[in-house]
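S.K.: Just need the structure, nothing else, for what follows:
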Amino acid sequence: MAAANFQNPCVGEQLAARPKRGAAFAPPAMAALGIALVGLALMPPLFRSEDGRSMLGVAESLLERGSVAVPAALGVPGLHGLYYSQWYPLLSVIALPFVAVGLWLGRELGIQPGYAAQLPALALSVALFAGNAYFTALIALRLGATMKGAVAAAIAFAFGTIAPIYAREFFADPLLALLTALAIYDALDPRNGRIGWRGGAVAGLAILAKPTGIVLAPCLAAYNLLTGRRRSSVVLPIAGAACGLLIYFAYNFTRFGNPMQFGQGYRFSLGNAPLGMLGLIVSPGHGIVWYCPVVLALAALSRATFRRSDVRLIVAIAVSYWLVYSLWSDWPGDVCWGARLMFPVLPGAVALTGLLERTRLKLLALLTVVGLVVSLPNFVSYYDRYYAEESRISESTLVWNPLYAPLVGVWPSAYRELRAALAPDVNLRHLVRNAGRDDNLPADEAPSNRIVALWWWMLPVIGIPRIAGIVVSLGFVLCGLLAIGYAFSIAAPRSAEAVQAAFGDDVAPGIGGI
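M.R.: Numbering: from 1, shown residues only. The predicted model follows:
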């Protein structure tokens, strides 16, 4: 729909007083800033996932030795008797400047390198967290949401899903989510027929972030084809994905001498699909509806909304990820919080909630609060402690039995962790020396299971009292909430037509109507 179609007597005055182009981005940017500040306040002192430590090890190795080999504990055997990470290269590359800062600080403060690099790497996770929230709002705007609806969608993503928990981890999924959101945002640009190369670049990077990102290319190509765009905009996503695959193949050959050896046992089978499809949606252990309840607000959208081509693109990408992961034998995602593997669908899916009518935004707010409460124990403890405590229980029980689901068991587990953290025999320096590598110890003895999982808890190790960190953390939270509140205050008067006036031709054809 051309911009002229929006010029009607009801909005003529708004269009006459055309706001500055940057004004349309101010509320989402302010909301993202607030979300980043809250994320920084809630950072843990370390992360413990095997994935994260291995990808961090690659970044450390690149900086210190110019190699992608990692210690044996963090990798699998490869060429020349060395060990290599099983995980994905792009996050390690992006983390290089953050890890460099951490290693420098470690040398200056005499902190063990494996620990010193973790906190700056977590700052990158917070940046991805805020970036995903920002693009959630921008996608909502291109779909036709009011500015208030777009900001509400960003807040729903940030606090009503699993997103804040993975801002406290170092996984590749938030990076893939950001690339997916960027691809959707770019595809909804009406000028994409002229600048479709960006979709190709993102499609290639998505594969390097995580091989399942390959689903982006066919979805983008099909959307460009069905919406009548130039032939180049159809070919470029496929070409970009092909380049990403070739780079990944070269990376595999360098590590294992086999371009098809990714380091993991990818076991995909149609036999896994029924259980995986159901489990990723409704299982008590990993179902998206329990851990990301804001997605339930999508049921309040009209049927006509889902007949729009731009909305169908988002749905197609979400369904593609869902189907691919449901085929995998490890569709629960191993030790994780909620439907981690479905993380890449969240920015696009939650952006659709920005289209809710004003009266139904209250439903979105309620579901956001519910999602925040579900995740609450993980802001002061580690959810994987619960998995360690229940290691004798079968995976199927943890996934399907609601009495043993992590969202239930994490509450008493968090209590036990906080109680252990306040015990007089806690040795923080021992924890720093081990840098969280205490996997073989019982859950109640592992040093990193005996802390308050907030960054300021470890300050006494470098001679700074905790109260100083608490004050800084509270200041971040206060400033973050003020920024979010300000984003709402400047978003409230901006209707979809006013956003169109600011975005001009950058708004997707579907904006403002169905």
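S.K.: The residue positioned nearest the centre of the chain sits in which helix or strand?
M.R.: Note on the chain: the residue nearest the mean C-alpha position is Pro174, at 2.6 Å, using CA atoms, centre = their mean. Using DSSP states H and E, Pro174 maps to helix 173-187.
S.K.: so what pLDDT did the residue nearest to Ala339 when sequence neighbours are not counted get?
M.R.: Nearest residue to Ala339, sequence neighbours excluded (CB to CB, 6 or more residues apart in numbering): Ile288, at 4.2 Å. No exception for glycine: its C-beta is placed from N, CA and C like everyone else's. Looking at Ile288, its pLDDT is 97.
S.K.: Provide the backbone phi and psi angles at Ile288.
M.R.: Dihedral angles of Ile288 (phi, psi; degrees, to the nearest 10) stand at phi -60, psi -30.
S.K.: I'd like to know how far it sits from Phe343.
M.R.: 10 Å (CB to CB, to the nearest Å).
S.K.: picking that back up, unless I'm mixing things up, the residue nearest to the centre of the chain is touching Asn132, no?
M.R.: Yes. Proximity of Pro174 to Asn132 meets the contact threshold set by CB atoms under 8 Å, at 6.3 Å.
S.K.: Please enumerate the helices of the stretch 151-300 of the chain.
M.R.: Assigned by DSSP state H, counting those that start in this stretch, the helices in the stretch 151-300 of the chain fall at 163-166, 173-187, 192-195, 197-209, 216-226, 231-256, 273-282, 288-291.
S.K.: pull the helix or strand with minimum mean pLDDT from the protein.
M.R.: helix 12-16 (a mean of 36; mean pLDDT, DSSP states H and E).
S.K.: Tell me, how many residues neighbour Arg267?
M.R.: 10 (other CB atoms under 10 Å).
S.K.: oh sorry, the question was meant for Asn272
M.R.: Neighbours around Asn272, by other CB under 10 Å: 18.
S.K.: Isn't it up against Asp330?
M.R.: No. Between Asn272 and Asp330 there is no contact under CB under 8 Å: 9.1 Å.
S.K.: So which residues lie in contact with stretch 356-372, not counting its own?
M.R.: Applying CB atoms under 8 Å, 6 or more residues apart in numbering, the contact partners of stretch 356-372 are 146, 148-149, 152-153, 155-156, 159-161, 291-294, 296-297, 300-301, 353.
S.K.: From these, list the buried ones, please.
M.R.: Among the contacts of stretch 356-372, those scoring as buried are 146, 148-149, 152-153, 155-156, 159-161, 291-294, 296-297, 301, 353 (criterion: 16 or more other CB atoms under 10 Å).
S.K.: tell me the secondary structure for the closest residue to Pro465 other than its chain neighbours?
M.R.: Nearest non-adjacent residue to Pro465, counting by CB to CB, 6+ apart: Leu459, 6.8 Å away. When classified by DSSP: H, G, I helix; E, B strand; the rest coil, Leu459 comes out as helix.
S.K.: Flag the shaky bits of the stretch 301-450 of the chain, pLDDT-wise.
M.R.: Across the stretch 301-450 of the chain, the ranges flagged by pLDDT under 70 are 432-445.
S.K.: The same query, at a cut-off of 50, please.
M.R.: By pLDDT under 50, the stretch 301-450 of the chain contains no weakly predicted segment.
S.K.: just so I have it, where are all the helices in it?
M.R.: Counting by DSSP H, counting those that start in this stretch, the helices of the stretch 301-450 of the chain are 309-326, 346-351, 361-375, 384-389, 395-400, 406-421, 428-434.
S.K.: Rebuild those helices as TSV, extending it with distance to Ile281 and mean neighbour count.
M.R.: Listed next are the helices of the stretch 301-450 of the chain as TSV, based on distance: least, CB to CB, whole Å; neighbours: other CB atoms under 10 Å:
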stretch	distance to Ile281	mean neighbour count
helix 309-326	8	20
helix 346-351	12	29
helix 361-375	16	18
helix 384-389	21	23
helix 395-400	12	17
helix 406-421	15	19
helix 428-434	38	17
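S.K.: Just send those back as TSV, with distance to Cys479 too.
M.R.: Output for these, formatted as TSV (distance: least, CB to CB, whole Å):
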stretch	distance to Cys479
helix 309-326	32
helix 346-351	24
helix 361-375	19
helix 384-389	30
helix 395-400	38
helix 406-421	26
helix 428-434	28
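S.K.: Nearest approach to His80 belongs to which of those?
M.R.: Of all these, the one in closest proximity to His80, counting by CB to CB, is helix 428-434 (28.7 Å).
S.K.: Against Ala420, how distant is Asn449?
M.R.: According to CB to CB, Asn449 stands 7 Å off from Ala420.
S.K.: And for Val319?
M.R.: To Ala420, Val319 is 43 Å away according to CB to CB.
S.K.: what touches both of Pro174 and Asn132?
M.R.: With CB under 8 Å, 6+ apart, Pro174 and Asn132 have common neighbours Ala163.
S.K.: Count the neighbours of the residue nearest to Pro465 for me.
M.R.: Neighbour count for Leu459, taken as other CB under 10 Å: 18.
S.K.: For it, give me its contacts.
M.R.: By CB under 8 Å, 6+ apart, Leu459 lies in contact with 465-466, 468-469.
S.K.: Including neighbour count, secondary structure and distance to Thr180, could the residues you listed go into CSV?
M.R.: Below are the contacts of Leu459 laid out as CSV (neighbours: other CB atoms under 10 Å; DSSP: H, G, I helix; E, B strand; the rest coil; distance: CB to CB, whole Å):
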residue, neighbour count, secondary structure, distance to Thr180
Pro465, 11, coil, 42
Arg466, 15, helix, 39
Ala468, 11, helix, 39
Gly469, 18, helix, 35
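S.K.: Output those in a markdown table, with distance to Pro424 appended to each entry.
M.R.: As requested, the contacts of Leu459 are arranged in a markdown table below (distance: CB to CB, whole Å):
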| residue | distance to Pro424 |
| --- | --- |
| Pro465 | 18 |
| Arg466 | 15 |
| Ala468 | 22 |
| Gly469 | 20 |
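S.K.: from those, which is closest to Pro113?
M.R.: Distances from Pro113 to those, taken by CB to CB, are shortest for Gly469, at 22.0 Å.
S.K.: wait, isn't that closest one in contact with Trp455?
M.R.: Yes. Taking CB under 8 Å as the definition, Gly469 is a contact partner of Trp455 at 6.7 Å.
S.K.: and for the two, which residues touch both?
M.R.: Looking at what touches both Gly469 and Trp455 (by CB under 8 Å, 6+ apart), there is no common residue.
S.K.: what's around Asp334, how many residues?
M.R.: Neighbour tally, Asp334, other CB under 10 Å: 13.
S.K.: going forward, begin numbering at 20 instead of 1
M.R.: Yes, from this point I'll number from 20; that puts the last item at Asp353.
S.K.: And it, how far from Glu414?
M.R.: 9 Å.
S.K.: Quick check: Gly76 vs Val118, distance?
M.R.: Distance, Gly76 to Val118, using CB to CB: 10 Å.
S.K.: shared neighbours of those two, anything?
M.R.: By CB under 8 Å, 6+ apart, no residue touches both Gly76 and Val118.
S.K.: can you list contacts of stretch 246-266?
M.R.: 211-213, 215-216, 218-227, 232-233, 235-237, 239-240, 243-244, 328.
S.K.: Show the buried residues in the residues you listed.
M.R.: The neighbour count (16+ other CB under 10 Å) marks 211-212, 215-216, 218-227, 232-233, 235-237, 239-240, 243 as buried among the contacts of stretch 246-266.
S.K.: before we move on, the earlier item: next, format the helices of the stretch 170-319 of the chain as JSON lines and append distance to His99.
M.R.: Formatted as JSON lines, the helices of the stretch 170-319 of the chain follow (distance: least, CB to CB, whole Å):
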{"stretch": "helix 182-185", "distance to His99": "34"}
{"stretch": "helix 192-206", "distance to His99": "29"}
{"stretch": "helix 211-214", "distance to His99": "43"}
{"stretch": "helix 216-228", "distance to His99": "23"}
{"stretch": "helix 235-245", "distance to His99": "34"}
{"stretch": "helix 250-275", "distance to His99": "10"}
{"stretch": "helix 292-301", "distance to His99": "37"}
{"stretch": "helix 307-310", "distance to His99": "42"}
